[in-house]
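# fold the following.
(2 chains)
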Amino acid sequence: MNNLTRWQRPELATWQGYGRLTDLRDEIDRLFEMPLAELARTSQVLSGWTPAMDLSEDKDNIYLRAELPGMKREDIEVSLHEGTLSISGERKSQSNHPEAEVHRSERFFGRFQRTVALPTPVSPDKAKAQYKDGVLTVTLPKTEEAKPKQIDVRVS
Amino acid sequence: MTMKTTVQRESHETAECAARQEYVAPEVNIFETKDGYTLEAEMPGVDKSGLEITLEGTEITIVGRRHTEALAGEALFRECPAADYRRVFELDPAIDTGKISAKIEQGILTLTLPKSERVKPRKIAVE
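Reported below is the predicted structural model:
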């Protein structure tokens, strides 16, 4: 099973001088992240199917997108448990060609599971999921306490 | 059947495409029965309007353009490729190119390539 290490946002620089270095580190992180994700996908022959995922957030919601082509909506399971989101399911081969000669078999069939730790608490009752064109999109609204709040500063 | 897959052809058009935009090859399953070939290509995020299938001589090119917009908000991590899909296949001459059909459902393109009648085994009646 592939567990994702939680992506940490770079700490806010306290000295202006270190701002540049944080940017450099971000860029290097990105440089490493890209090929590693591709590498993870090519090794799926050994570990099974690991569908690609995107995770993003704004002040109200956390959004997840997963590429799961050729599945039936009822075969996809999305569950939320103690701050982690899991998507899993099984992709069954739809076409039956018993006497056929196989020239290429690159597509993976079978079970998959991916789990991701969410950065902020979300309300599971208000979550929405949509599956279209083989892409699963899940919108998780943040709980009221988790949303960033403006704090008024009063000058006396 | 020689399903030799060439991802790039040496032509100025491909060089232009490569310069403007990169492509990713979709994963495929190809089966052959006595009636024809079936090709399934994985192209999540592509619908009917984003599909372009062109036949040129003995080569068939499938291009899938994704329509999915970038996910809202600030990215925490990103694995989904942003590139469109493209793959080229060399066709078996036994295929009847006039009868090739395609359909796309939940990001899977299914191409049906029937073999021409004259190639199929036939019994010949003896008078």
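
# can you report phi and psi for the closest residue to chain B within chain A?
Chain B sits closest to A:Gly134 of chain A, with a gap of 2.1 Å, by CB to the nearest CB. Any C-beta I mention is one placed from the backbone N, CA and C, and that applies to glycine too. Phi and psi for A:Gly134, reported as degrees, to the nearest 10, are phi 80, psi 10.

# again with the one 10 residues further on
In this entry, A:Glu144 is assigned phi and psi values of phi -60, psi -40 (degrees, to the nearest 10).

# can you give me the neighbour number for it?
9 (other CB atoms under 10 Å in any protein chain shown).

# try B:Glu79
There are 22 residues near B:Glu79, going by other CB under 10 Å.

# wait, it touches A:Met53, no?
Yes: counting by CB atoms under 8 Å, B:Glu79 does reach A:Met53; the two are 5.5 Å apart.

# confidence score at A:Arg107?
A:Arg107 is assigned 85 on the pLDDT scale.

# next up, the contacts around it.
A:70, B:27-29, B:40, B:42 (CB atoms under 8 Å, 6 or more residues apart in numbering or on different chains).

# following the chain past the helix or strand of chain A with the lowest mean pLDDT, name the next helix or strand.
Least confident element among the helices and strands of chain A, by mean pLDDT, DSSP states H and E: helix A:44-47 (a mean of 50). Using DSSP states H and E, the helix or strand that follows helix A:44-47 in sequence is strand A:53-57.

# go ahead and name everything in contact with that next one.
A:7, A:62-67, A:87, A:114, A:116, A:119-120, A:142, B:71-80.

# what is the neighbour count of the closest residue to A:Arg73 other than its chain neighbours?
Closest residue in space to A:Arg73, ignoring its immediate chain neighbours: A:Tyr131 at 5.0 Å, by CB to CB, 6 or more residues apart in numbering or on different chains. Using other CB under 10 Å, A:Tyr131 is surrounded by 20 other residues.

# my guess is B:Asp35 contacts B:Lys115. True?
Yes: between B:Asp35 and B:Lys115 a contact is recorded at 6.4 Å, counting by CB under 8 Å.

# element containing B:Lys123?
Here B:Lys123 is assigned to no helix or strand, by DSSP H and E.

# any idea how far it lies from chain A?
Separation of B:Lys123 from chain A (CB to the nearest CB, to the nearest Å): 19 Å.

# next, that residue: phi, psi?
Torsion angles, degrees, to the nearest 10, at B:Lys123: phi -90, psi 140.

# cool, and A:Ser105?
Backbone geometry at A:Ser105, expressed as degrees, to the nearest 10, gives phi -140, psi 80.

# dump stretch A:147-156 to CSV, keeping only the CA atoms.
Provided in CSV are the C-alpha atoms of stretch A:147-156 (Å, rounded to 0.1, in the frame of the first residue of the first chain):
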residue,chain,number,x,y,z
LYS,A,147,-11.6,27.8,8.4
PRO,A,148,-9.2,30.7,8.7
LYS,A,149,-10.7,33.5,10.8
GLN,A,150,-10.0,37.2,10.7
ILE,A,151,-9.0,38.5,14.1
ASP,A,152,-9.7,42.1,14.6
VAL,A,153,-6.8,44.0,16.1
ARG,A,154,-8.0,46.9,18.2
VAL,A,155,-5.7,49.7,18.9
SER,A,156,-6.4,51.3,22.2
